[in-house]
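**Student:** the sequence and its predicted three-dimensional model are supplied below.
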Amino acid sequence: MTRSRWLVVAAVALAGATGCGRFGNDDTRAGHKERIVSVSKQYTEILYALGATDDLVAVDVSSTYPPEAKKLPTVGYHRALSAEGMLAARPTLILSGGPSNIGPEHVVQQLESLRIPMKYWDVPGTLDGARQLIRDMGKEFNKVARADSIVAALDADMARALDPGRAPADTPSVAIIHYGQAMNQYFLISSRGVAGEMVRWAGGRMAIGDTLAGMTRMASPELLAKANPDVILMTDFGYDRLAGQKDILALPGVAATKAARDGRIFRIEEHDIIYFGPRTGKNVELIRTLLHQPGHPE
């Protein structure tokens, strides 16, 4: 064993008694057959829905649903993982969400050097892909019947959410502001991807079109002011780090929007809008409620 490898292994042993917790929580459970770390919020939610969390010992900080996930030690943001947090978790299996979902590179290389297995399911980022993922994870964790039940409930929720008879009369334009924890910046989400699809299903239309990348930095006020959305949704982490309405209006272009004038800037949990999963039908209903509720202008 090389000296550098020995040092990493020693770090695992020394870090074993500590964890990186959100609320000072520690992993005190014993007797795990495996020590699974999930660094994908989508995978974490599905694990809990399946009832397959007996050996889940840590998650990344974006894994905030269900609330029980917040009780586990954390290993950093999935694209900015903490080497110390990962080593402290002593994982025997890492659920990564895919190569583009995990970083930084030097931490990934360190984990690979320890030959810790990393697993992900290569499925499309669509609702059908989510159905397939739920079933694939059900097979992996011997929860096939539970996975089928989850998919059936998802289908029923989607049928209700997309019932043409329940479509709202108006179609508000919507901007979504998301705080990127890896880059410590606010971004605007375009109509591409999961969030745009969910807004459309909820009876809205994205104010930022698909000519932009999936996420665009809020570097200047012109983009948002020109889009002039009726409603702004802000994901929870970015919303919560600001000290109230004054700070929100200070973000580039926000104060110039109809949403700001009408007091229609609303908080939404990131896990409700960024990926498809077991609760997507219910989340479409939630978004519809937000898009069509009255504002509170100051």
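**Tutor:** Cool, the structure landed. Residues are numbered from 1 along each chain as shown.
**Student:** per-residue confidence for Gly244?
**Tutor:** For Gly244, the model assigns a pLDDT of 82.
**Student:** ok, it - how many residues close by?
**Tutor:** For Gly244, the neighbour count with other Cβ atoms under 10 Å is 7. To be clear about C-beta, it is placed using only N, CA and C from the backbone, and glycine gets the same treatment.
**Student:** please apply the same query to Asp163.
**Tutor:** By other Cβ under 10 Å, 9 other residues sit near Asp163.
**Student:** Gly193 now?
**Tutor:** Number of residues near Gly193 (other Cβ under 10 Å) recorded here: 17.
**Student:** same thing with Met86?
**Tutor:** Here the number of neighbours of Met86 (other Cβ under 10 Å) works out to 26.
**Student:** the one 3 residues further on too?
**Tutor:** Here the number of neighbours of Ala89 (other Cβ under 10 Å) works out to 27.
**Student:** Val75 now?
**Tutor:** Residues near Val75, counting by other Cβ under 10 Å, number 29.
**Student:** ok, Lys258 next?
**Tutor:** As a burial measure, Lys258 scores 17 neighbours (other Cβ under 10 Å).
**Student:** what's near enough to touch it?
**Tutor:** Applying Cβ atoms under 8 Å, 6 or more residues apart in numbering, one finds that Lys258 lies in contact with 228-230, 264.
**Student:** how near is it to Gly281?
**Tutor:** Taking Cβ to Cβ, to the nearest Å as the measure, Lys258 falls 29 Å from Gly281.
**Student:** also Asp240?
**Tutor:** For Asp240, the distance to Gly281 (Cβ to Cβ) stands at 26 Å.
**Student:** out of the contacts of Lys258, list just those in strands.
**Tutor:** Residues of the contacts of Lys258 located in strands (DSSP state E): none.
**Student:** could you export those residues as CSV, including distance to Thr126?
**Tutor:** Shown next, in CSV, are the contacts of Lys258 (distance: Cβ to Cβ, whole Å):
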residue, distance to Thr126
Asn228, 30
Pro229, 25
Asp230, 27
Arg264, 29
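**Student:** ok, the residues you listed vs His106, which is closest?
**Tutor:** Pro229 (39.3 Å; Cβ to Cβ).
**Student:** that closest one: what's it in contact with?
**Tutor:** Here Pro229 is in contact with 172-175, 207, 257-259 (Cβ under 8 Å, 6+ apart).
**Student:** which one of those has the most neighbours?
**Tutor:** Counting by other Cβ under 10 Å, top hit in those: Val174 with 29 neighbours.
**Student:** may I have the beta-bridge partners of that residue?
**Tutor:** The partner list for Val174 in beta bridges (DSSP bridges) reads Met206, Val231.
**Student:** and it, what does it touch?
**Tutor:** Going by Cβ under 8 Å, 6+ apart, Val174 touches 199, 204-207, 229-233, 291.
**Student:** surely Met234 is in a helix?
**Tutor:** No. According to DSSP: H, G, I helix; E, B strand; the rest coil, the state of Met234 is strand, so it is not within a helix.
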